[in-house]
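Asker: sequence and computational prediction follow.
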Amino acid sequence: MGFMQGKRVLIVGLASNRSIAWGIAQAMHREGAELAFTYQNDKLKSRVVKMATECNSSITIECDVASDEHIQNVFDALATEWDGLDGIVHSVAFAPRDALNGEYLDAVTRENFLAAHDISSYSFSALAKAGQSMMEGRAAALLTLSYLGAQRVIPNYNVMGVAKASLEANVRYMASSLGPKGIRVNGISAGPIRTLAASGIANFRAMLSKAANAAPLRKNVSILEVGNVAAFMCSDLASGVTGEITYVDAGYNITGLANLS
Ligand code: NAD
Ligand code: 0WE
């Protein structure tokens, strides 16, 4: 029996078979969880429906997290299928493309700062607020995805790093808020992975190979390696863990200087 048997989890942030959300869905499905999915817009719908089918799921709901109505509708729709919810995976980030290129202070604007924080951080708390009543009285767990740029300066990551710092603090405040209800909130800080969100990022290939060379495990991580930790974190095996950011990055974050060999 899988370690997520009987768990019902909503996955937000699936866009392609390279998405980190797909690695998470596959791991959770393998461990026996029942899954529901949202898709950002019509363009992504057919792809998400197809991947949901591969996880034996027929629950797909549109959700642009910029919209309070969409977020409320997700849980109204989910409540017609499920009588409760055991987890939410938030695998969403966005900043306008021109914010992710060049010097931080040249690229940051009031507008892109607000958009990055709204879509990449506030949306996690918004989903928790709207989903709270469906999770009450169950050992539920929320999970989001962060990146090292929250804690250290990464060239070109810019305002996304500031938004990820907000997201990581959000994890702690949400964990404190929901802890008394038995609901856990955690984050995974993943190493760089080639996904749609990484496409078109200048020098991403060089970043991947430098990160692999400097990491203790001398490799990049896969979406399934992230997915396996995500499944554990959302399962009762992690019942004593909340408010934590766990690195799944082949150990890159602990290094002080790339190896000299
Ligand atoms: P991805 O492009 O597959 O996923 C990003 C998702 O965000 C997409 O599904 C997209 O539809 C969704 N999204 C963006 N704006 C949205 C909106 N307004 N409403 C609803 N959904 C919206 O890329 P990914 O790399 O799998 O990213 C998932 C998460 O992992 C992000 O939080 C990202 O910051 C994080 N992360 C990625 C990496 C990496 O190198 N790929 C590393 C660490 C953390
Ligand atoms: O969180 C991310 C990327 C998130 C992201 C990606 C895009 C590209 C398309 C947010 N918004 C947008 N907006 C777009 O228009 N990652 C952790 C991957 C990533 O992105 C980087 C990185 C890494 C790693 C950008 C610069 C430097 C490193």
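Answerer: Looks like it came in fine. Model, not experiment: these values are computed from the prediction. Numbers count the residues shown, from 1 in each chain. Ligands and ions are numbered 1, 2, ... in the order given.
Asker: pull the contacting residues for Asn186.
Answerer: Residues in contact with Asn186 (Cβ atoms under 8 Å, 6 or more residues apart in numbering) are 141-144, 171, 175, 233, 238, 241-246. Heads up, the C-betas are built off the backbone N, CA and C, glycines and all.
Asker: need the next SSE after whatever helix or strand it lives in, C-terminal direction.
Answerer: For Asn186, the element it lies in under DSSP states H and E is strand 184-190. Per DSSP H and E, the first helix or strand lying C-terminal to strand 184-190 is helix 204-214.
Asker: mind listing what's buried along that next one?
Answerer: Across helix 204-214, burial judged by 16 or more other Cβ atoms under 10 Å covers 207-208, 211-212, 214.
Asker: correct me if wrong, but Thr144 is in a strand.
Answerer: Yes - counting by DSSP: H, G, I helix; E, B strand; the rest coil, Thr144 is part of a strand.
Asker: per-residue confidence at the closest residue in space to it that isn't next to it in sequence?
Answerer: Among residues not flanking Thr144 along the chain, His90 sits closest, at 4.2 Å (Cβ to Cβ, 6 or more residues apart in numbering). Per-residue confidence (pLDDT) for His90: 99.
Asker: quick one: stretch 193-210 near ligand 2?
Answerer: Yes - contact of stretch 193-210 with ligand 2 (Cβ under 6 Å from any ligand atom) involves 197-198, 201, 207.
Asker: dump that stretch to CSV, restricted to CA.
Answerer: What follows is stretch 193-210, C-alpha atoms only, in CSV (Å, rounded to 0.1, in the frame of the first residue of the first chain):
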residue,chain,number,x,y,z
ILE,A,193,15.4,22.1,-13.8
ARG,A,194,14.6,22.7,-17.5
THR,A,195,10.8,23.4,-17.5
LEU,A,196,8.6,25.9,-19.4
ALA,A,197,9.3,28.4,-16.6
ALA,A,198,13.0,28.0,-17.4
SER,A,199,12.7,28.3,-21.2
GLY,A,200,14.1,31.5,-22.6
ILE,A,201,16.0,32.3,-19.4
ALA,A,202,19.4,33.6,-20.6
ASN,A,203,22.3,31.0,-20.1
PHE,A,204,20.0,28.5,-18.4
ARG,A,205,22.1,25.7,-19.9
ALA,A,206,25.3,27.1,-18.4
MET,A,207,23.5,27.5,-15.0
LEU,A,208,22.5,23.8,-15.1
SER,A,209,26.0,22.6,-15.8
LYS,A,210,27.6,24.9,-13.2
